[in-house]
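K.L.:
the following block contains a protein sequence and its predicted model.
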Amino acid sequence: MITLASDFGTPYPAAMKGVLLRRTDARLVDVGHDFPRHDVRTAAFWLRETLPYFPPATHLVVVDPGVGTDRAAIAIRARDHTLVGPDNGVLLPAARRLAGDGALEISVVDEEALEPVVPAGETAPDPGEGPKSNTFHGRDVFAPTAAAVHESDGLDSLSLLTPTTDPVDLELPTATLEDGRAVGEVLVVDDFGNAITNVPGEFLKARERVVANGEPVPVGDTFEAVPAGERLATVGSHGYVELDVNRGRGEAAFDLAVGDRVVLESAD
Amino acid sequence: MITLASDFGTPYPAAMKGVLLRRTDARLVDVGHDFPRHDVRTAAFWLRETLPYFPPATHLVVVDPGVGTDRAAIAIRARDHTLVGPDNGVLLPAARRLAGDGALEISVVDEEALEPVVPAGETAPDPGEGPKSNTFHGRDVFAPTAAAVHESDGLDSLSLLTPTTDPVDLELPTATLEDGRAVGEVLVVDDFGNAITNVPGEFLKARERVVANGEPVPVGDTFEAVPAGERLATVGSHGYVELDVNRGRGEAAFDLAVGDRVVLESAD
Amino acid sequence: MITLASDFGTPYPAAMKGVLLRRTDARLVDVGHDFPRHDVRTAAFWLRETLPYFPPATHLVVVDPGVGTDRAAIAIRARDHTLVGPDNGVLLPAARRLAGDGALEISVVDEEALEPVVPAGETAPDPGEGPKSNTFHGRDVFAPTAAAVHESDGLDSLSLLTPTTDPVDLELPTATLEDGRAVGEVLVVDDFGNAITNVPGEFLKARERVVANGEPVPVGDTFEAVPAGERLATVGSHGYVELDVNRGRGEAAFDLAVGDRVVLESAD
């Protein structure tokens, strides 16, 4: 199984799928291709929250503002999952969660060693004269790598991979909790408009109300704990405090965007 | 085969797919994840118009504004199709159409009897201490139920299902026809902007013009029956009267939204 | 394998998939269903740039403003690929590229010879009384044709196909190059906002700057060749000159839309 995630919209993911399906019979599953453009951190969050629900798979990820520069392509083995993508940190939070208490094996891809991508109706290029673009490594580098990884007997067997110990890292920010006060930020806004913070859900435990950025808000176990159109704080499916509106958009009602500071305080 | 329909956007459907694919090798097919948020009636319409074109399958549906409340999860057997989703009426119009003149078997899901969803890198919870969220039953309840249903030899064999005769029902409204006059409403607006009413297409038979909410409109067999940008009434692919604009958006030109009243009269 | 491309949005493609899956076990792969509505030329461009990356397949394409009129349904054999869609030119640029120096075999579909599409819960119509709509040939004509083509031993064996030598053609416009000056146009704007012209990428070779519609612009090998938010000209993954903004939208910064004239001149 190969999952695909990108910020490509339509129809670039299809070219990646075509390349994959010339080289493997794997099942392909889209994680999503509507991630915010060039936003490595948001993609890293969603991958960390989504990939652990999959069975063992190869995960192809392309959120890659540095395409065509000297940033490397990497592959990460995390227990029985393998992630393939740009060396910009986007894979690391998901890889660490997939590995649990296991170690990560990280390799750099030798792009010159990949079998060239040749569209139908054209002839293969001479060695070293590949048609690799500078703007679409999803098609020309990452899909070929994912296919090779998926078809291999293990990363060790692939001569195109070289171990590295120095990938670009990315840590999602954590909230600070002290004296009944949490200081965090909005990690992402989901498609429903829920403003998902990095404050652990336990902060809401046994509370009926909370003060969010200075304003009192009811705490609800479910969206329907408040009337339609009303604001609430709840624990989202990722385990974090979300600032929501029942049947509405929390990010608008709370006037919050990704990265905005969120201070939660006791309402007592 | 398992079909998936929701109002989730991206990337929550991927978490459902991951859960499914840990438990079944079934083919997964998206019906759509862009249904209008929290709009049970619109989803019910599209499911009724789309699912009957599929071969026998399990249909997983999550348009669920009551997530986390005491609304039940249900499964419905309709001939050789099975539908799984929240007990809010969203499944009923499709189930009735799939059953034809057959009966429906409806069951309530015992959510506590489901195998818990445990993400990779974490250990399974103690019995009764499951990680079930209050805000994402697509992942934690409906996907596990759909997988169990799909892998079973029949709903009777599943101890997690208990027959019920009292589901929440939902009937799509019907138009009234009298003396060459039809009074109905806009059921949905499709992605092209076609305003799909609940007036049966036969109303347009043998007419060249019709009066729609007081204004005369040509009747066309095809969109191209009128010049680009012009309004027309036609019979849509669901068999209902649609108010459209050739190569444009009918809902804007007719100033109509879902639920708006539509009166069609003879133009003679 | 059957690929699907349309301007349908959601959920009409699912009805096509249902029809296909009643008739074939083929793998289904979406090329995209968000092509600009009724825009045959843009779809033709994307198909030409995407389909050649697939292995041999049947390609089902429905961008069809003339649905229900007397425009024919056609099938085109191009080497080991087959394309099915409306006879409006949308298939031709992709078919020619897929064929390379091979010939195209083009056939008209006898729509009356198709096995009727009968939704679950309904009985099959009498011969000649099929339920074919005038507004959704994707479901009622093209999907059945694609399934028949895919399941056949070759187009010759299908009695529902009749060879034609007179399809509606469509040629994407080409740029003129003379004396270090290129006059072309914007072919498409992609989801990133890159304005993809029809000027061959070689025009930028060995240039550090270029004058685009009167304004000097740096030439970059990669988006990151200029600071975030800055404009550049680069060679896109299709081999054409693109007018882009690093991490931004080129079409807005250059004030360009599809079809707009683009004049590129030497900056020396």
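P.N.:
Received the coordinates, thanks. Numbering: from 1, shown residues only, chains lettered A, B, ... in the order given.

K.L.:
can you show me the helices along the stretch 1-150 of chain A?
P.N.:
With helices called from DSSP state H, counting those that start in this stretch, the stretch 1-150 of chain A shows them at A:12-23, A:40-50, A:92-99, A:137, A:143-151.

K.L.:
in CSV, list those along with mean neighbour count and distance to chain B.
P.N.:
Glycine gets a C-beta too; all of them are placed from N, C-alpha and C. As requested, those are exported to CSV (neighbours: other Cβ atoms under 10 Å in any protein chain shown; distance: least, Cβ to the nearest Cβ, whole Å):
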stretch, mean neighbour count, distance to chain B
helix A:12-23, 24, 12
helix A:40-50, 25, 5
helix A:92-99, 24, 5
helix A:137, 24, 21
helix A:143-151, 24, 15
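
K.L.:
compare those and give me the one nearest residue A:237.
P.N.:
Among those, helix A:40-50 comes nearest to residue A:237, with 8.1 Å by Cβ to Cβ.

K.L.:
out of the helices of the stretch 1-150 of chain A, nearest to residue A:108?
P.N.:
helix A:143-151 (10.6 Å).

K.L.:
the closest one vs chain C: in contact?
P.N.:
No: Helix A:143-151 does not reach chain C (Cβ under 8 Å from any Cβ of the partner chain); its nearest approach is 8.8 Å.

K.L.:
check stretch A:73-91 too.
P.N.:
No: judged by Cβ under 8 Å from any Cβ, stretch A:73-91 makes no contact with chain C; its nearest approach is 11.4 Å.

K.L.:
endpoint to endpoint, that stretch covers what distance?
P.N.:
Using Cα to Cα, to the nearest Å, the end-to-end distance of stretch A:73-91 comes out at 11 Å.

K.L.:
how far out from the middle of the chain is that stretch?
P.N.:
Using Cα atoms, centre = their mean, to the nearest Å, the distance from the centre of stretch A:73-91 to the centre of the chain it belongs to is 11 Å.

K.L.:
which strand residues bridge residue A:265?
P.N.:
Applying DSSP bridges to residue A:265 gives these bridge partners: residue A:181, residue A:211.

K.L.:
what number of residues lie near it?
P.N.:
Number of residues near residue A:265 (other Cβ atoms under 10 Å in any protein chain shown) recorded here: 17.

K.L.:
how about the residues of the stretch 151-268 of chain A that lie near chain B?
P.N.:
Contact residues, the stretch 151-268 of chain A versus chain B (Cβ under 8 Å from any Cβ): A:190-192, A:221-224, A:234-237, A:242, A:247.

K.L.:
and which of those is nearest to chain C?
P.N.:
For those, the minimum distance to chain C (Cβ to the nearest Cβ) is 13.6 Å, reached by residue A:191.

K.L.:
and the closest one, helix, strand or coil?
P.N.:
Taken by DSSP: H, G, I helix; E, B strand; the rest coil, the conformation at residue A:191 corresponds to coil.

K.L.:
can you tell me how far it is from residue B:91?
P.N.:
23 Å (Cβ to Cβ, to the nearest Å).

K.L.:
what's the answer for residue A:195, then?
P.N.:
Taken as Cβ to Cβ, the span from residue A:195 to residue B:91 is 31 Å.

K.L.:
the more surrounded of those two?
P.N.:
residue B:91 (33 against 30).

K.L.:
isn't that one up against residue B:60?
P.N.:
No: using Cβ atoms under 8 Å, residue B:91 makes no contact with residue B:60, being 10.4 Å away.

K.L.:
rewinding a little: okay, the helices of the stretch 1-150 of chain A in TSV with mean pLDDT next?
P.N.:
Below are those laid out as TSV (pLDDT from 0 to 100):
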stretch	mean pLDDT
helix A:12-23	98
helix A:40-50	98
helix A:92-99	98
helix A:137	95
helix A:143-151	97
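
K.L.:
closest one to residue C:142 among the ones you listed?
P.N.:
helix A:12-23 (18.0 Å).

K.L.:
put the alpha carbons of the closest one into PDB.
P.N.:
Provided in PDB are the C-alpha atoms of helix A:12-23 (Å, rounded to 0.1, in the frame of the first residue of the first chain):
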ATOM      1  CA  TYR A  12      -0.500  16.800 -10.600                       C
ATOM      2  CA  PRO A  13      -1.200  14.000  -8.200                       C
ATOM      3  CA  ALA A  14      -2.500  11.900 -11.100                       C
ATOM      4  CA  ALA A  15       0.900  12.100 -12.800                       C
ATOM      5  CA  MET A  16       2.500  10.700  -9.600                       C
ATOM      6  CA  LYS A  17       0.000   7.900  -9.600                       C
ATOM      7  CA  GLY A  18       0.700   7.100 -13.200                       C
ATOM      8  CA  VAL A  19       4.400   6.900 -12.500                       C
ATOM      9  CA  LEU A  20       3.700   4.700  -9.500                       C
ATOM     10  CA  LEU A  21       1.400   2.400 -11.400                       C
ATOM     11  CA  ARG A  22       4.000   1.700 -14.100                       C
ATOM     12  CA  ARG A  23       6.300   0.400 -11.400                       C
END
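
K.L.:
neighbouring contacts of that helix?
P.N.:
Helix A:12-23 is contacted from outside by A:2, A:4, A:6, A:26, A:28, A:30, A:33, A:60, A:62, A:115, A:117, A:136, A:138-139, A:142-144, A:146-148, A:151, C:1, C:3, C:27, C:29-32, C:49-55, C:190-191, using Cβ atoms under 8 Å, 6 or more residues apart in numbering or on different chains.

K.L.:
what about the closest residue to residue A:16 other than its chain neighbours, distance to residue A:74?
P.N.:
Closest residue in space to residue A:16, ignoring its immediate chain neighbours: residue A:143 at 4.4 Å, by Cβ to Cβ, 6 or more residues apart in numbering or on different chains. Remark: distance between residue A:143 and residue A:74 (Cβ to Cβ) = 15 Å.

K.L.:
shouldn't residue A:247 be in contact with residue B:63?
P.N.:
No: Residue A:247 lies out of contact with residue B:63 (Cβ under 8 Å); the separation is 11.8 Å.

K.L.:
need the residues touching each of the two.
P.N.:
In contact with both residue A:247 and residue B:63: residue B:38, using Cβ under 8 Å, 6+ apart.

K.L.:
those two: who's more crowded?
P.N.:
The residue with more neighbours, out of residue A:247 and residue B:63, is residue B:63; 26 against 17, by other Cβ under 10 Å.

K.L.:
check contacts around the nearest residue to that one once chain neighbours are set aside.
P.N.:
Using Cβ to Cβ, 6+ apart and skipping the chain neighbours, the partner closest in space to residue B:63 is residue B:43 (4.1 Å). Residues in contact with residue B:43 (Cβ under 8 Å, 6+ apart) are B:5, B:7, B:35, B:36, B:61, B:63, B:90.

K.L.:
can you map out the strands along the stretch 151-268 of chain A?
P.N.:
For the stretch 151-268 of chain A, applying DSSP state E, counting those that start in this stretch gives strands covering A:161-163, A:176-178, A:181-189, A:195-200, A:209-212, A:215-218, A:231-235, A:240-245, A:261-266.
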